[in-house]
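Novice: next comes the sequence, and after it the predicted model I'd like to discuss.
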Amino acid sequence: MSGRRATVLGFLLLAALAWWMLARVLGPGPRGTGAPGLWTVLALWALLLWVVLDRLATLRGPRALRLLAPGLFGLALLLVWEVLVVGWEVPKVMLPAPHQVLLALAARWEVLWPDLKQTAAAVLAGWVAGCSTGFLTALVADRFGVLRRGLLPLAGLAGAMPIVGIAPILVMWFGFDWQSKAAVAAVVTFFPMLVNTLAGLAATEPMYRDLMRTYAASHLATLTKLRLPSALPFVFNALKINSTLALISAIVAEFFGSPIYGLGFRISAEVARMNVDVVWAAIALAALAGSLFYGLIALLERRLTSWHQSYLPEVVSTQPPRTTQ
Amino acid sequence: MATEPHAAGAAAPTAALRGRTVLAEAWQKACPVLGVVLALLVLWYAGAVALNGRRVTEQLDGLGERWGVRELALAAWSMERPVLPAPHQIAQGYWQSVFEAPPDSPRSLVFHAGVTLSATVLGFALGMILGVVLAIGVVHSRVLDRGLLPWIIASQTIPILAIAPMVVVVLGSLGLPPLASKSVISMYLCFFPVAVGMVKGLRSPEVLQLDLLHTYGASRVQVLLKLRLPAAVPFLFASAKVAITASLVGAIVGELPTGAQAGLGARLLSGSYFGQTIQIWSALLMASLLGVLLVAAVSLAQRLVGRVMGTPA
């Protein structure tokens, strides 16, 4: 019990010191080499954080408790970023402080929100188009072995290619608006889906397939009752990879020409004007939207493939507890 | 002496037979691929006619002569700035810019590929080092395992490439050469697959093996060097194949918005500015070849290392 009390005490101390450093950095006062006290406190704070995190890592408890460590770590990274950047007076052009990014996000919200909507529409359309065609192609290729043997090596080869490079061509074909970005996202997401779905369809255990054969199940029945469900984890893997890929490729495609909004356009335009805080705000927005998208897919995956062994409760480890050396 | 030709004669048919079965197997594997490639080529030529058709018909109508399908197709496959160039036009453009231009002139694709390749390889090396170091840290520290690893994974959902132009501009204003700033982007894209793969790899030794080293009184460093790292090698190479492709993409995108004069990305961008579609496709072909070659190089390294370590291929 005293261990827990010490942890809570550590928390309070961390918070107080963090508050002091923030107030010290955001207020007037000496900076850089003129503030040795601040840097000493920061070093001590980092040490204390390490100790508290180490204690947290040993705690066993509900999920929320396990999320505490990464949450604290992330907050600490932000704080160190803030204190270092402001404390050493790093020019904004090089690296803006988190609070400057937040201010830029608030100040330019009217511009950034339509940007996000524009890009998100393109990403979503491209993702849906690429994933569905990849999935359907995989189903067809799985039905006809010749096609599968012909497509698989090519798809593997495509994995080694920088497909994003096709962006300038598609921008020429489909114009500057969202359609061209959706097209790039669709092309880029096609191959991972194809490869993953084919791998998933091939991943059923021979015993199950034999069982289906003894039932005299048709190809369709085997597909819908056995092979598609067991391919689901692979499909979801592709969906998750593709969510990031689609976002990145849409943004890159916007570098090649876009209407006067869109996150990629905003980034390249504000880089040219050296408004780096707006750039970071746009990136933060993209990252947030991307993580949300990814999280939604992961949630759906958990719902639909809850039978998969990666979600079953952990087998009680027979490993002896780790001894500290 | 006399038996020698006899023995050779007896051995020859089996060798020939084996050679023939290998050939037959290769043929059976290649056949569907060739079929798909052929189908794609046919589709491509048809697509070139369909996409270039409108401009070509205007052109042909302007000549005032009668024209048929033959003239239409031939004209569509030989436009100077086609919407979709025919494959032989791309091959021709590729040939000209690779073999006919001197390799140090900005008209040569070899020159641009060299620029991109150097950034790719440097970024790949840096990313591998960063990824391996992070993975070793995560495996050995509870704090990093619980605190940092989720963020490494979450960083995958961040469109890192979007920062590419900014990184190049900012590092360039600090006086760093473009090579360094491009490889920083490549490094950022590389370290993730390496770090995640290596964490898995370093944790792959079984409890039994770890216990054995424990009974030997091995230190953590010894466990790392003699058990964990060798066990992680297959994971390292699997990640390296993903990472080197990511590195190439990073280098190319890093060359896009900076007004860079050299590199495959700059080539793509200038091609898109001036509507030089053949130039874009040639650069794309070069980039794809580069990607395939790089992955092949990693596979070769994997085989060599496997042979040295004595692991079955």
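Specialist: On my side now, so go ahead. Numbering: from 1, shown residues only, chains lettered A, B, ... in the order given.

Novice: the longest helix in chain A is where?
Specialist: Looking across chain A with DSSP state H, the single longest helix is helix A:109-143.

Novice: tell me where the model's unsure across chain B.
Specialist: Residue ranges of chain B with pLDDT under 70: B:1-16, B:156-157, B:160, B:257-260, B:311-313.

Novice: hmm, back to that, could I get the helix or strand following the longest helix of chain A in PDB with only the CA atoms?
Specialist: Going down the chain from helix A:109-143, the next helix or strand is helix A:145-159, by DSSP states H and E. C-alpha atoms of helix A:145-159 as PDB (Å, rounded to 0.1, in the frame of the first residue of the first chain):
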ATOM      1  CA  GLY A 145      -5.900 -20.500 -59.900                       C
ATOM      2  CA  VAL A 146      -4.200 -19.400 -63.100                       C
ATOM      3  CA  LEU A 147      -5.100 -15.800 -62.400                       C
ATOM      4  CA  ARG A 148      -3.900 -16.100 -58.800                       C
ATOM      5  CA  ARG A 149      -0.500 -17.500 -59.900                       C
ATOM      6  CA  GLY A 150      -0.300 -14.700 -62.500                       C
ATOM      7  CA  LEU A 151      -1.300 -11.900 -60.200                       C
ATOM      8  CA  LEU A 152       0.500 -12.700 -57.000                       C
ATOM      9  CA  PRO A 153       4.100 -12.300 -58.200                       C
ATOM     10  CA  LEU A 154       3.100  -9.000 -59.900                       C
ATOM     11  CA  ALA A 155       1.300  -7.700 -56.800                       C
ATOM     12  CA  GLY A 156       4.400  -8.600 -54.800                       C
ATOM     13  CA  LEU A 157       6.500  -6.700 -57.300                       C
ATOM     14  CA  ALA A 158       4.100  -3.700 -57.000                       C
ATOM     15  CA  GLY A 159       4.800  -3.800 -53.300                       C
END
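
Novice: okay, the angle between helix A:145-159 and helix A:109-143?
Specialist: Taking axes from the mean of the first three to the mean of the last three CA atoms, to 10 degrees, one finds helix A:145-159 and helix A:109-143 inclined to each other by 140 degrees.

Novice: close to chain B, is helix A:145-159?
Specialist: Yes - Helix A:145-159 reaches chain B (CB under 8 Å from any CB of the partner chain) through A:146-151, A:153-154, A:157, A:159. In short, each C-beta sits where N, CA and C put it, glycine included.

Novice: check the offset of that helix from the chain's centre.
Specialist: When C-alpha coordinates are averaged (CA atoms, centre = their mean, to the nearest Å), helix A:145-159 and its chain have centres 28 Å apart.

Novice: got the buried residues for that helix?
Specialist: A:147-152, A:154-155, A:158-159 (16 or more other CB atoms under 10 Å in any protein chain shown).

Novice: just those residues now: which is nearest residue B:88?
Specialist: Closest approach to residue B:88 among these (CB to CB): residue A:154, at 20.0 Å.

Novice: am I right that the closest one is in contact with residue B:35?
Specialist: No - when contacts are counted by CB atoms under 8 Å, residue A:154 is not listed as touching residue B:35 (10.9 Å).

Novice: how far does stretch A:189-209 sit from the chain's center?
Specialist: From the chain centre to the centre of stretch A:189-209 is a distance of 24 Å (CA atoms, centre = their mean).

Novice: what do you get for stretch A:159-177?
Specialist: Using CA atoms, centre = their mean, the offset of stretch A:159-177 from its chain centre is 23 Å.

Novice: so how far does it reach from one end to the other?
Specialist: 27 Å (CA to CA, to the nearest Å).

Novice: now do the buried residues in it.
Specialist: In stretch A:159-177, counting by 16+ other CB under 10 Å, buried: A:159-172, A:174, A:176.

Novice: please enumerate the strands of the stretch 151-300 of chain B.
Specialist: Using DSSP state E, counting those that start in this stretch, no strands are found in the stretch 151-300 of chain B.

Novice: OK, now which residue of it is nearest to chain A?
Specialist: Going by CB to the nearest CB, chain A is nearest to residue B:272 of the stretch 151-300 of chain B, at 3.5 Å.

Novice: is that residue in contact with residue A:173, as I believe?
Specialist: No - counting by CB under 8 Å, residue B:272 sits too far from residue A:173 to count as a contact (11.5 Å).

Novice: for the stretch 1-150 of chain A, give me the ranges with low pLDDT.
Specialist: Along the stretch 1-150 of chain A, the model assigns pLDDT under 70 to residues A:1-3, A:60-64.

Novice: ok, 80 please
Specialist: A:1-4, A:6-7, A:25-37, A:55-69, A:93-94 (pLDDT under 80).

Novice: what are the ranges of the helices in it?
Specialist: A:2-26, A:36-58, A:63-87, A:98-107, A:109-143, A:145-159 (DSSP state H, counting those that start in this stretch).

Novice: tell me the most buried of these?
Specialist: For the helices of the stretch 1-150 of chain A, the largest average neighbour count (mean count of other CB atoms under 10 Å in any protein chain shown) is found in helix A:109-143, namely a mean of 20.

Novice: any part of that helix near chain B?
Specialist: No - using CB under 8 Å from any CB, helix A:109-143 stays clear of chain B, coming no nearer than 9.6 Å.

Novice: so what touches stretch B:134-149?
Specialist: The contact list for stretch B:134-149, computed with CB atoms under 8 Å, 6 or more residues apart in numbering or on different chains, reads A:50, A:53-54, A:56-58, A:66, A:69-70, A:72-73, B:152, B:191, B:194-199, B:201-203, B:220, B:224, B:228, B:232.

Novice: now the helices for chain B?
Specialist: Using DSSP H, helices in chain B cover B:3-63, B:69-76, B:87-95, B:109-140, B:142-143, B:149-154, B:164-173, B:178-202, B:207-215, B:220-223, B:229-254, B:264-273, B:277-309.

Novice: could I get these as TSV with distance to residue A:124 and mean neighbour count?
Specialist: Below are the helices of chain B laid out as TSV (distance: least, CB to CB, whole Å; neighbours: other CB atoms under 10 Å in any protein chain shown):
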stretch	distance to residue A:124	mean neighbour count
helix B:3-63	26	12
helix B:69-76	35	15
helix B:87-95	32	17
helix B:109-140	30	21
helix B:142-143	38	18
helix B:149-154	21	16
helix B:164-173	23	22
helix B:178-202	24	24
helix B:207-215	45	13
helix B:220-223	47	13
helix B:229-254	22	24
helix B:264-273	25	23
helix B:277-309	26	18
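
Novice: got the ones you listed as a markdown table, with distance to residue A:138 columns?
Specialist: Output for these, formatted as a markdown table (distance: least, CB to CB, whole Å):
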| stretch | distance to residue A:138 |
| --- | --- |
| helix B:3-63 | 14 |
| helix B:69-76 | 33 |
| helix B:87-95 | 26 |
| helix B:109-140 | 30 |
| helix B:142-143 | 41 |
| helix B:149-154 | 26 |
| helix B:164-173 | 32 |
| helix B:178-202 | 23 |
| helix B:207-215 | 38 |
| helix B:220-223 | 43 |
| helix B:229-254 | 20 |
| helix B:264-273 | 30 |
| helix B:277-309 | 22 |
